[in-house]
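S.K.: All I have is the shape, not the residue letters:
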């Protein structure tokens, strides 16, 4: 069946009982390569973004990985992957709850068989201090600062977080002032 009507492509037509691909990206090598390249380049930054909310490295890596899994399923539909992934990773982080401890039945392997995304996120001592200070900020200030530190403008942050631009600027100013105080960078504390 021809999938072009009046010069514009349409979605493929599936007959009842016909199997539909569950993940369109899995069937397209170009999309898979684009996704893999984006993952390699942006996974460490996404982990750091979630850590700015107060997540530990492993919690942040789990949330970022879950966001990328969701992104893979809809990669062909996502127009702004940086913003989309940050929203989804933040939601994943909020959904995380402590799981009951399981009893191990086998020995734990010395090293995982795959590359851990945390290898790209090694924090220096000063970064650890900053992340600890960020974790003490109120959630809205932490949220705005996390987006700001990832290079988003105040208007982009306002759009993605459904806030007014002046509210973003105000939260950024308050967060900066409180971070200076927490890190001892005020004139009296330095």
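M.R.: The structure has been received and is ready for your questions. Values in this document were obtained by computation on a predicted structure and should not be read as measured data. Residues are numbered from 1 along each chain as shown.
S.K.: For this structure, just list every one of the strands.
M.R.: Applying DSSP state E to the chain gives strands spanning 4-5, 8-9.
S.K.: what is the rounded mean pLDDT of the last one?
M.R.: Along strand 8-9, the predicted confidence averages to a pLDDT of 39.
S.K.: now stretch 76-84
M.R.: Mean pLDDT, stretch 76-84: 91.
S.K.: now do the same end-to-end measure for it.
M.R.: Taking CA to CA, to the nearest Å as the measure, stretch 76-84 stretches 13 Å from start to finish.
S.K.: And the longest helix seen in the chain, what does it pack against?
M.R.: Looking across the chain with DSSP state H, the single longest helix is helix 29-51. Helices and strands touching helix 29-51, by 3 or more CB pairs under 8 Å, 6 or more residues apart in numbering; DSSP states H and E, are helix 57-74, helix 81-95. All C-beta spots, glycine's among them, are computed from the backbone N, C-alpha and C.
S.K.: ok, for residue 50, nearest residue in space, not its chain neighbours?
M.R.: Using CB to CB, 6 or more residues apart in numbering and skipping residues adjacent in sequence, the residue nearest residue 50 is residue 60, 3.7 Å away.
S.K.: number of nearby residues for that neighbour?
M.R.: Using other CB atoms under 10 Å, residue 60 has 27 other residues around it.
S.K.: My guess is it contacts residue 44. True?
M.R.: No - Residue 60 is beyond contact range of residue 44, at 10.3 Å (criterion: CB atoms under 8 Å).
S.K.: Okay, now the unreliable bits of the protein?
M.R.: The chain contains residues with pLDDT under 70 at 1-27, 97-123, 187-190.
S.K.: one more time with 50, if that's ok
M.R.: For the chain, the stretches flagged by pLDDT under 50 are 1-14, 18-20, 189-190.
S.K.: and residue 93, what does it touch?
M.R.: Listed by CB atoms under 8 Å, 6 or more residues apart in numbering, the contact partners of residue 93 are 50, 53, 55, 59-60, 63.
S.K.: Roughly how far does the residue nearest to it when sequence neighbours are not counted sit from residue 152?
M.R.: Closest residue to residue 93 apart from its sequence neighbours, by CB to CB, 6+ apart: residue 63 at 4.0 Å. Using CB to CB, to the nearest Å, we find residue 63 at a distance of 18 Å from residue 152.
S.K.: now residue 55
M.R.: For residue 55, the distance to residue 152 equals 19 Å [CB to CB].
S.K.: For those two, indicate the residue with more neighbours.
M.R.: residue 55 (24 against 20).
S.K.: wait, isn't that one in contact with residue 63?
M.R.: Yes - here residue 55 lies in contact with residue 63, judged by CB under 8 Å, at a distance of 6.6 Å.
S.K.: So the residue nearest to residue 93 sits against residue 89, correct?
M.R.: Yes - counting by CB under 8 Å, residue 89 is a contact partner of residue 63 at 4.8 Å.
S.K.: For those two, list the residues in contact with both.
M.R.: residue 50.
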